[in-house]
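Engineer: Next come a sequence and a model predicted from it.
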Amino acid sequence: MADVLSQDEIDALLAGLSSGEIDADDMKDADDRPVKDYDFKRPAKFSKEHLRTLEIIFEHFGRLLSTNLPVYLRKSVQVSVVNSEALTFSEFTNSLPNPVILGIVNFLPLNGDIMIELASNLGFAIIDRMLGGQGDPLEKIREFSEIELSILEKIMVICVRLLREPWKNVVDLSPVLERIETNPQYAMIIAPTEMISIVTLNMKVGDVEGLMNVCLPFFTMESIMDKLNTKFWFSTMQNGNDEDYHEHIEDMINHVPMPVKAVLGNSVISVSDFVNLQIGDIIRLDTRVAEELNIYVGNIRKFTALPGAVKKKYAVRITSVVREGE
């Protein structure tokens, strides 16, 4: 609170102003700040701290996409965060092309939905790859067929499931993909004037590169806005026990299925002989009965073994371990 002037001090100031000894401009408060314009059509609901925290969350999401999608696409996938910004929903939808791939995601347990936009060239490249092609995009963008949308829906479901882990330090999510829209006019999940944050990711599938935009409305994020700061985010990470984390990772690795195969031998036959094979025909292999078999874990030769049987089932007995480089 400012100091209260006595009557004598007030009289002295008035006398000084009237005589010109005191300049009124010199009496302005040094702490006065210029008035800033405030746009009521674009209220600042997302601070720089909020946007930075969202970038950190989606950097984690990008790493998960880079490691999980290649399993389905059999193609290298690289994902990185480009930027984040706050704008109105109408500005976002007006910038979208038609057709577009828009995944509407119910962000349970939060109120409302979010949207994931995938570039059309990436969508066609993913479809081509899932159908056995090289993953090439179309030269001319067209509408998506029902079968193509069904394929994209499976990939989008995988992406939505991967959202749970990056957000677990803020809120325990159970996101569900509601539908995929190709026309922005049918994806009005909030009012056009509502504020949203957009996190843009650059995705590269093989040689095809495009953008993925994640639209996060303030209406959906409102209940957790106080948690969208880096201090809270990192504090929740440090609260976890490193030992429990390592045990969890080890337990997950132990449950990963790994194919193991024993190769009896190899042989080369003509196509006509292969087509005419009948029950009882004999194929001559390049190994002897007493020779050890090669055991492959995945595609790596890991053991040698001898064939046999256990309780009327075929089996092998490990005889040696193949070290790396042997």
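Structural biologist: Structure's in. What do you need? Residues are numbered from 1 along each chain as shown.
Engineer: Can you tell me the element the closest residue to residue 215 other than its chain neighbours falls in?
Structural biologist: Leaving out its chain neighbours, the residue that sits closest to residue 215 by C-beta to C-beta, 6 or more residues apart in numbering is residue 115, at 4.0 Å. Placement of C-beta: from N, CA and C, glycine included. Using DSSP states H and E, the element containing residue 115 is strand 113-118.
Engineer: how does this protein divide into domains?
Structural biologist: For the chain, the structural domains run 48-233, 260-321, going by automatic domain parsing.
Engineer: Dump those to JSON lines, plus mean neighbour count, distance to residue 10 and mean pLDDT.
Structural biologist: Converted to JSON lines, these look like this (neighbours: other C-beta atoms under 10 Å; distance: least, C-beta to C-beta, whole Å; pLDDT from 0 to 100):
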{"stretch": "domain 48-233", "mean neighbour count": "17", "distance to residue 10": "45", "mean pLDDT": "86"}
{"stretch": "domain 260-321", "mean neighbour count": "11", "distance to residue 10": "90", "mean pLDDT": "86"}
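Engineer: For these, give me TSV that also has distance to residue 8.
Structural biologist: Output for the domains of the chain, formatted as TSV (distance: least, C-beta to C-beta, whole Å):
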stretch	distance to residue 8
domain 48-233	49
domain 260-321	94
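Engineer: Can you tell me which residue sits nearest the middle of this structure?
Structural biologist: Nearest to the mean C-alpha position of the chain, by C-alpha atoms, centre = their mean, lies residue 61 at 3.3 Å.
Engineer: My read is that that one contacts residue 163, right?
Structural biologist: Yes. Between residue 61 and residue 163 there is a contact at 6.4 Å, judged by C-beta atoms under 8 Å.
Engineer: ok, which stretches of this protein are helices?
Structural biologist: 7-19, 48-73, 89-94, 120-130, 146-161, 164-167, 218-221, 230-238, 242-254, 271-275 (DSSP state H).
Engineer: which other residues reach the strand holding residue 115?
Structural biologist: 96, 100-107, 152, 156, 159-160, 175, 178, 187, 189, 203, 210-217, 220 (C-beta atoms under 8 Å, 6 or more residues apart in numbering).
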